[in-house]
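Undergrad: build me a model:
(2 chains)
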Amino acid sequence: MLSLGPPRAAQTIREALAKGADRAIHVEQSESGETNPLETAKLLAAALQQEQPDLVLTGLQSDDAGSGQTGVIVAELLGLPHATIIMDVQIEAGRLTLKRELEDGWFQHVEMPLPALLTMQSGSNKLRYATLMGIKKAKTKELKTVQAAELGVTAVDGVTLERVYLPERTKRSQIFDGPPKEAAAQLVEKLKFEARVL
Amino acid sequence: MSILAVLEQRGGALHRMSLETLAAAQQIGRETNQPVHAALLGHGLDAVAAEVAANQLAGVYRVEHELLREYTADATCVALAQVIAKASATLVLFPHTYQVRDYAPKLATALGRVLLSDAVGHHSESGRVTFTRQLFQGKLNADFSFAGEPPFLASLQAGAYRGDARESGTAPVELFEPAIDAAQVRVKPGELFRESARAVDLTAADIIVSVGRGIKEPENLPLIEKLAQALGAEMAASRPICDNGWMPMERQVGSSGQTVAPKMYVAVGISGAIQHLVGMKGSKTVVAINKDPEAPIFEVADYGIVGDLFQVVPALIEALEKVK
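TA: Sure thing, here's the model as predicted:
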């Protein structure tokens, strides 16, 4: 498994090893490393180039920046075909047959050759638990740390972060935090006479 | 200097978010004094192009090719790079749909650019436009400007702009046939299908009671059903509940499920991840029940009860029965 992150990401990488990954590569980046998705993808692609994998799996989007782009960009940088929001993967004779999730309850099967990159939808697989044996073994498995600065990736100027701020509340919420019975009675009163939805 | 709105259609029907992108493009065009074009990709697009041409636009590109009949990221990127060059577009706007997420990062990379994805709004000041993105699941907002040379690319979150704010007009339609080689298309798309005939149309419900991870066990769902009955509501759920198989997928509300805007939306034990909020924030009245007072769901709630749902919901059912 391959991960890009600050030194503390190593803990999560060990967890992945404990859950069954055979070896890991940690592209280490300083904590403050402000990146855009292209820069992130360039670092991952540079690390992948040395591995030449047949199949690359990524998530859909991160919890912090949430750009939802990294996987697709990595595919383009490596010249690989890709498919996104994948629910199911079948491999036969060097070809992939995939189930993609579309919007509004629609799905689609797509086929593509290997090597390829897929971004995986949640719920498509269940992550196994780390066993005691797994946790023990993880300590001796290979974890290669590569410094991001050593990958020869040049900075990308595409977007500039101008400012970060707390979002303005668009709604004025009325919160009831008293005892449940009291709160429920207050809410029903409001729904009936103020919102008039009952 | 011009703006290009890339619209999404399937089988001649416009994606609802295409109209929002069109409205955003018109607005930014007015603010920055730039002409706006729209582009539609596919095959046999006469009717849908005519529909788009009934808007205030400098022109509509009907981008047609046999290899665009069925969507692939490969063919779409090859075609769009040519459309952007032809239109000399400096700003290219997309609806942030699943399809756009599949191809727009690739297109931006091929053009040596960074896509600003999932923007929730913009500011323009003396011709310079910045876009706002949400960070950390909507806890923070961040404004970004574009650096380097155009074209600049941005995709817009569902509901960030109002589709009905469009200005109507009469725009010329131009057929553009891009050069696409079959060898450039590596993915073979199959037919679209649904897992089950959708028995429930949540978009038609007046009241929706939606349940999230706070319910803990599927055995606890009857409690929420009872609340739905007391309100005369349809049941819905957030993604994790459907992923676990506790509720059918067609009852999922959020970016990967249905987008709803009922008179009242009651979120029970839902923290309010951005993917869920996108699917319900248009609801007229939002009620949230959650034990975490910091849960993002309270940000969009009109009324909230902070408390343990296993105590609050029975109390609420009782209070509702009293006013009947």
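
Undergrad: next, count neighbours for A:Arg172.
TA: 6 (other CB atoms under 10 Å in any protein chain shown). C-beta coordinates here come from the backbone N, C-alpha and C atoms, glycine included.

Undergrad: what pLDDT does it get?
TA: Listed pLDDT for A:Arg172 reads 80.

Undergrad: which strand or helix spans it?
TA: Taking DSSP states H and E as the definition, A:Arg172 sits outside all helices and strands.

Undergrad: residue contacts, it?
TA: Neighbour list for A:Arg172: empty [criterion: CB atoms under 8 Å, 6 or more residues apart in numbering or on different chains].

Undergrad: in the stretch 51-200 of chain B, where is pLDDT below threshold?
TA: B:196-199 (pLDDT under 70).

Undergrad: just the helices in it please.
TA: Remark: helices assigned in the stretch 51-200 of chain B by DSSP state H, counting those that start in this stretch are B:73-86, B:98-110.

Undergrad: so of these, which one's packed in deepest?
TA: helix B:98-110 (a mean of 24; mean count of other CB atoms under 10 Å in any protein chain shown).

Undergrad: which neighbouring elements make contact with it?
TA: helix A:37-49, helix A:70-78, strand A:82-92, helix B:73-86, strand B:115-119, strand B:152-156 (3 or more CB pairs under 8 Å, 6 or more residues apart in numbering or on different chains; DSSP states H and E).

Undergrad: near chain A at all, the fourth one?
TA: It refers to helix B:73-86. Yes - Helix B:73-86 is in contact with chain A by CB under 8 Å from any CB of the partner chain, via B:73-74.

Undergrad: tell me which other helices or strands that helix touches.
TA: So helix B:73-86, by 3+ CB pairs under 8 Å, 6+ apart, packs with strand B:3-7, strand B:36-42, strand B:59-64, helix B:98-110, strand B:173-176.

Undergrad: nearest to B:Gln275, of the ones you listed?
TA: Ranking these by proximity to B:Gln275 (CB to CB) places helix B:98-110 first, at 11.8 Å.

Undergrad: nearest residue to the residue of the stretch 151-300 of chain B found nearest chain A in space, please, no chain neighbours.
TA: For the stretch 151-300 of chain B, the residue closest to chain A is B:Asp243, as judged by CB to the nearest CB, at 3.1 Å. Counting by CB to CB, 6 or more residues apart in numbering or on different chains, B:Asp243 lies nearest to A:Gly123, which is 3.1 Å off, once chain neighbours are set aside.

Undergrad: check A:Pro113 too.
TA: A:Arg95 (5.8 Å).

Undergrad: doesn't A:Pro115 make contact with that neighbour?
TA: No - in this structure A:Arg95 lies outside contact range of A:Pro115 using CB atoms under 8 Å: 11.5 Å.

Undergrad: which one's more surrounded, the two?
TA: Set A:Arg95 next to A:Pro115 and count neighbours by other CB under 10 Å: A:Pro115 wins out with 17 against 13.

Undergrad: for the more buried one, which residues are in contact?
TA: A:52-56, A:80.

Undergrad: what of A:Leu166?
TA: Counting by CB under 8 Å, 6+ apart, A:Leu166 has contacts B:140-141.

Undergrad: pLDDT weak spots in the stretch 201-324 of chain B?
TA: Using pLDDT under 70, nothing in the stretch 201-324 of chain B is flagged.

Undergrad: okay, helices next: where are they in it?
TA: Using DSSP H, counting those that start in this stretch, helices in the stretch 201-324 of chain B cover B:221-231, B:239-243, B:274-277, B:309-323.

Undergrad: touching chain A at all, the shortest one?
TA: The reference is to helix B:274-277. Yes - against chain A, helix B:274-277 shows contacts by CB under 8 Å from any CB at B:Ile274.

Undergrad: outside of that helix, which residues touch it?
TA: A:66, B:134, B:137-138, B:212, B:238-239, B:253-256, B:270, B:296-297, B:300.

Undergrad: repeat that with 6 Å
TA: B:137-138, B:238, B:254-255, B:300 (CB atoms under 6 Å, 6 or more residues apart in numbering or on different chains).

Undergrad: ok, the last one next?
TA: Contacts of helix B:309-323 from elsewhere in the structure, counted by CB under 6 Å, 6+ apart, are A:180-181, A:184-185, A:188, A:192, B:214, B:223, B:226-227, B:230, B:268-269, B:289, B:305.

Undergrad: how many neighbours does A:Gln52 have?
TA: So A:Gln52, with other CB under 10 Å, has 8 neighbours.

Undergrad: how about the nearest residue to the residue of the stretch 51-200 of chain B found nearest chain A, chain neighbours excluded?
TA: Residue nearest to chain A within the stretch 51-200 of chain B (CB to the nearest CB): B:Val114, separated by 2.8 Å. Distance criterion CB to CB, 6+ apart; nearest residue to B:Val114, sequence neighbours excluded, is A:Gly158 at 2.8 Å.

Undergrad: next one: A:Phe176
TA: A:Ala183 (3.8 Å).

Undergrad: surely that neighbour touches A:Gln174?
TA: No - the criterion here is CB atoms under 6 Å, and A:Ala183 misses it with A:Gln174 at 10.8 Å.

Undergrad: picking up where we left off before, residue contacts, the residue nearest to B:Val114?
TA: Contact analysis of A:Gly158 by CB under 6 Å, 6+ apart lists A:36, A:38, B:113-114.

Undergrad: give me the phi and psi for A:Val27.
TA: Per-residue torsions, A:Val27: phi -90, psi 110 (degrees, to the nearest 10).

Undergrad: the closest residue to it other than its chain neighbours: which element?
TA: Among residues not flanking A:Val27 along the chain, A:Leu4 sits closest, at 4.4 Å (CB to CB, 6+ apart). If you go by DSSP H and E, A:Leu4 is part of strand A:2-5.

Undergrad: now do the buried residues in the following helix or strand past that strand.
TA: As assigned by DSSP H and E, the chain's next helix or strand after strand A:2-5 is helix A:9-18. Under the neighbour-count criterion of 16 or more other CB atoms under 10 Å in any protein chain shown, helix A:9-18 has A:10, A:13-14, A:16-18 buried.

Undergrad: let me have these in a markdown table, extended by distance to B:Gly121 and pLDDT.
TA: A markdown table is the format used below for the buried residues of helix A:9-18 (distance: CB to CB, whole Å; pLDDT from 0 to 100):
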| residue | distance to B:Gly121 | pLDDT |
| --- | --- | --- |
| A:Ala10 | 38 | 94 |
| A:Ile13 | 37 | 96 |
| A:Arg14 | 40 | 95 |
| A:Ala16 | 37 | 95 |
| A:Leu17 | 42 | 96 |
| A:Ala18 | 43 | 96 |
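
Undergrad: ok so, going back, what is the burial count for the residue of the stretch 151-300 of chain B closest to chain A?
TA: 18.

Undergrad: what comes up buried for stretch A:85-93?
TA: Quick answer for stretch A:85-93 (16+ other CB under 10 Å): A:85-86, A:89.

Undergrad: ugh, typo on my part, it should be stretch B:6-19
TA: Applying 16+ other CB under 10 Å to stretch B:6-19 flags B:6-10, B:14-15, B:17-19 as buried.
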